[in-house]
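> I would like the atomic coordinates for the input below:
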Amino acid sequence: MTELKAMKAVYCYFFPEVRPLLREVPHAIPGSMYLVTTPAEEVYKSLEQLFSPPLEIPATPEGYVNMDEIHVPITKRIVSAYLPLVPNLGDFKYNYPTSGSSEGIREVLKKIQTDGTKAINVLDGEYEGYSEYAKAYGIGVNSIEPDETDLRKLQSGVWFISNPSARDGNIIPNDLIRNLCDAGHRVVLDLAYVGATRPYEFDVSHENIPAVVMSFSKPYGVFRFRAGGFAFSRDEIPALYGNKWFKDTERLFDALKIAENLGPRKDGSTPLFEKYRNVQEEIVKELNKEFGLGMRLSDSFLLGHLTREDAEKLSHEQLELVKPFRRGSGYRFCLTPYFEERERGGRF
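A predicted model of the protein is given here:
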């Protein structure tokens, strides 16, 4: 049996559509923007052609560019861009620019620990970062298999849940999240895969969702650039307050450029999903022809998956082949190497 080139970890494809946007941004930024005595109007005019409509540039009382607040209009525009997918994202009182979603996850964990939380709950096979960061802080982790557990009978606690799920790339129904919240659980939502699936409204309106983190790494392939990280919270996260000073402004511009050029349309569709869903289908079809796994399409176009029931039909040799890809009760396959092969071969 030949090699299965899928990846165990999810390293996103650095999409060709994103690359020119990341080159466009630095060319538009005037070096004078970083000087404390540059008029805000001068920066506004320099960036006027980069964004449509032009980006508001905050000013000090003296009329100089206020770099401490430049993330504010950017974040507002990001929230606006994502309204078709996350309608209530603007309801959170506090928001912070972060270096990807990992920084937000760490600081939310630290805050809930300070508030008295001793352990968190995660779905079995979830993103490993929750557990690793929690353990580093001395926070316990309960890994729960939802197919074998009546979630309604669990003692209320704090959950970290990715939606779409890092377990298999599939959308978790809002009802599951809502039922947990109604039962007294608090759910921190990680929207790292939002934008990489079909149109879907992710409900973050429940008061028992204390925080939401976002990342552009998965839907746009900018993992290596740390562009497009944000944390939204109902309560202040003191450790993130300093991010108003300690932030990468160019990466914030990158995030806005990506969101407004390749992000959600008004109907919730996204250009990259529309293009690459067909590529995903072709890849999975070819893998099933070669390996006979019965791999399924995940909602996220980066991934394929197998359920527990699918795995029960596999031969011993096939089970050994997919063993490294086990996530909870199923299996998850990152298809990025196959996307890259197709690009090199001029196949899309």
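> low-scoring stretches of the stretch 101-250 of the chain, by residue?
The model of the stretch 101-250 of the chain has no residue with pLDDT under 70.
> give me the spatial nearest neighbour of Gln318, chain neighbours excluded.
For Gln318, ignoring the flanking residues on the chain, the nearest one in space by C-beta to C-beta, 6 or more residues apart in numbering is Leu293 at 6.2 Å. Bear in mind the C-beta positions are built from the backbone N, C-alpha and C, glycine included.
> how close does the one you found sit to Val284?
Using C-beta to C-beta, to the nearest Å, one obtains 9 Å as the distance from Leu293 to Val284.
> do the same with Asp91
Asp91 is 37 Å from Val284, by C-beta to C-beta.
> got the contact list for Pro324?
Remark: with contacts taken as C-beta atoms under 8 Å, 6 or more residues apart in numbering, Pro324 is in contact with Lys8.
> do you know how far the residue nearest to Gln318 is from Ser300?
When Leu293 is compared with Ser300 (using C-beta to C-beta), they lie 18 Å apart.
> which helix runs longest in the protein?
helix 271-291 (DSSP state H).
> the chain: strands as residue ranges?
94-98, 119-123, 140-144, 158-162, 186-190, 211-214, 229-233, 296-297, 303-306, 326-327, 330-334 (DSSP state E).
> now the fourth one - C-alpha only, PDB.
As requested, C-alpha coordinates have been extracted for strand 158-162 and formatted as PDB (Å, rounded to 0.1, in the frame of the first residue of the first chain):
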ATOM      1  CA  VAL A 158     -16.200  25.400  31.800                       C
ATOM      2  CA  TRP A 159     -15.800  24.000  28.300                       C
ATOM      3  CA  PHE A 160     -13.400  24.900  25.500                       C
ATOM      4  CA  ILE A 161     -15.000  23.900  22.200                       C
ATOM      5  CA  SER A 162     -13.900  24.600  18.600                       C
END
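> now for that strand, which elements pack on it?
Contacting strand 158-162 under the criterion 3 or more C-beta pairs under 8 Å, 6 or more residues apart in numbering; DSSP states H and E are the following elements: helix 102-114, strand 119-123, strand 186-190.
> neighbouring strands for it, and are they parallel or not?
strand 119-123 (parallel), strand 186-190 (parallel) (DSSP bridges).
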